[in-house]
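[1] Sequence and computational prediction follow.
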Amino acid sequence: QVQLVESGGGLVQAGGSLRLSCAASGRTFSTYVMGWFRQAPGKEREFAAAISWRGGRTYYADSVKGRFTISRDNAKNTMYLQMNSLNPEDTAVYYCAFRSSVVFTTTPEQYNYWGQGTQVTVSS
């Protein structure tokens with residue numbers, strides 16, 4: 001069992017920045033993938049970024065590439081998402097997700113555990 005707790009969401013003006021955190025607990029982390037997904041009102045949940053826990057390889061959706069940076073602190077079992085140059089289209093609930101596999105995927109259904117989500121609102 002894995003527990004995920006997100007924090008760091010909030011309201012920011014367009015062009016601003018936020019950093020999300022995801023604290024993971026419940027098992028030893030070594031060869032897994034963790035990711036950030038987001039869901040805007042009336043839209044499906046979409047992939048934003050992911051990181052392989054052991055090697056640190058990162059993956060990004062085209063919509064966030066160059067603006068968002070995913071990272072992890074193995075000692076703290078915490079994952080981060082630094083979001084810069086935010087725009088209103090980034091407004092969504094952001095979810096942290098854990099996949100019990102070393103194989104990367106953008107498909108939400110293939111992630112095994114989810115956090116409760118944190119709201120990010122970007123005003124124009």
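    That came in fine, so what should we check first? Everything numeric here is computed off the predicted structure, so don't read it as measured data.

[2] Assign a three-state SS to the residue minimising distance to the centre of the chain, would you?
    Among the residues of the chain, the one closest to the centroid is residue 36, at 2.0 Å (C-alpha atoms, centre = their mean). Classification of residue 36 using DSSP: H, G, I helix; E, B strand; the rest coil returns strand.

[3] cool, and residue 89?
    helix.

[4] so who does it touch?
    Residues counted as contacts of residue 89 (C-beta atoms under 8 Å, 6 or more residues apart in numbering) are 63, 122. Placement of C-beta: from N, CA and C, glycine included.

[5] returning to that earlier point: which one is the residue nearest to the centre of the chain nearest to, not counting chain neighbours?
    residue 48 (4.5 Å; C-beta to C-beta, 6 or more residues apart in numbering).

[6] can you check residue 106 too?
    Spatial nearest neighbour of residue 106, chain neighbours left out: residue 47 (3.8 Å); criterion: C-beta to C-beta, 6+ apart.

[7] what do you get for residue 97?
    Counting by C-beta to C-beta, 6+ apart, residue 97 lies nearest to residue 111, which is 3.9 Å off, once chain neighbours are set aside.

[8] which stretches of this structure form helices?
    Under the criterion DSSP state H, the chain carries no helices.

[9] wait, residue 72 sits on residue 51?
    Yes: with the criterion set as C-beta atoms under 8 Å, residue 72 and residue 51 qualify as a contacting pair; they are 5.5 Å apart.

[10] quick one, which of those two is more surrounded?
    Regarding residue 72 and residue 51, a neighbour count based on other C-beta atoms under 10 Å identifies residue 51 as having more, with 23 against 19.

[11] ok, what's across the strand from that one?
    Beta-bridge partners for residue 51, by DSSP bridges, are residue 34, residue 58.

[12] I'd assumed residue 24 was in contact with it.
    No: taking C-beta under 8 Å as the definition, residue 51 is not a contact partner of residue 24, at 11.9 Å.

[13] shared neighbours, the two?
    34, 79.

[14] on that earlier part again, so what's the residue nearest to residue 106 up against?
    By C-beta under 8 Å, 6+ apart, the contact set of residue 47 is 35, 37, 61, 106-108.
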